[in-house]
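Chemist: here is the input, now give the coordinates:
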Amino acid sequence: MPGVDQTCEAEPRFNKHELDETAGAIMATQARESTRSEHSREPSNEIVGIASPDAVAVRAFELFQERGREPGHDVDDWLRAEQELQGARR
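Modeler: Down below sits the predicted model:
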């Protein structure tokens, strides 16, 4: 249409408030899990050497923040976080 700006910018998937809330919820979950009894019958990813999805999410969010919150690299951040956390377990 004439006179209408047709440029389109991709909107971020999450806003800062949503990401901060998610990171806070993940850290709260990790705190609860770290206080779990040694005799708990719940399965733990640590037993098989796999980083928990919560831990990966927290590290991926940290990478996102370190890069200046630039959108569009969520998969790269997730994969890098998995590699870092799995490498730290070896």
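Chemist: where does the chain have low pLDDT?
Modeler: Within the chain, the stretches with pLDDT under 70 are 1-19, 28-49, 89-90.
Chemist: one more pass at 90, please.
Modeler: Regions of the chain meeting the criterion pLDDT under 90 cover residues 1-51, 86-90.
Chemist: what are the ranges of the strands in it?
Modeler: If DSSP state E is used as the criterion, the chain turns out to lack strands entirely.
Chemist: so where do the helices sit in it?
Modeler: In the chain, helices defined by DSSP state H lie at 16-34, 45-48, 53-66, 74-89, listed in chain order.
Chemist: which residues does residue 73 contact?
Modeler: Residue 73 is in contact with 64, 67, counting by C-beta atoms under 8 Å, 6 or more residues apart in numbering. From N, CA and C alone the C-beta is placed, and that goes for glycine too.
Chemist: if we go to 7 Å?
Modeler: Neighbour list for residue 73: residue 67 [criterion: C-beta atoms under 7 Å, 6 or more residues apart in numbering].
Chemist: state the distance from it to residue 58.
Modeler: Residue 73 is 16 Å from residue 58, where distance means C-beta to C-beta, to the nearest Å.
Chemist: and what of residue 83?
Modeler: Separation of residue 83 from residue 58 (C-beta to C-beta): 15 Å.
Chemist: then residue 22?
Modeler: Shown here: residue 22 relative to residue 58, a distance of 9 Å by C-beta to C-beta.
Chemist: these two: which is more packed in?
Modeler: Relative neighbour count places residue 58 above the other of residue 22 and residue 58, with 18 against 14, counting by other C-beta atoms under 10 Å.
Chemist: now the more buried one. Nearest residue, chain neighbours left out?
Modeler: Among residues not flanking residue 58 along the chain, residue 26 sits closest, at 5.1 Å (C-beta to C-beta, 6 or more residues apart in numbering).
Chemist: for residue 55, same thing?
Modeler: Using C-beta to C-beta, 6+ apart, the nearest residue to residue 55 is residue 85, at 5.7 Å.
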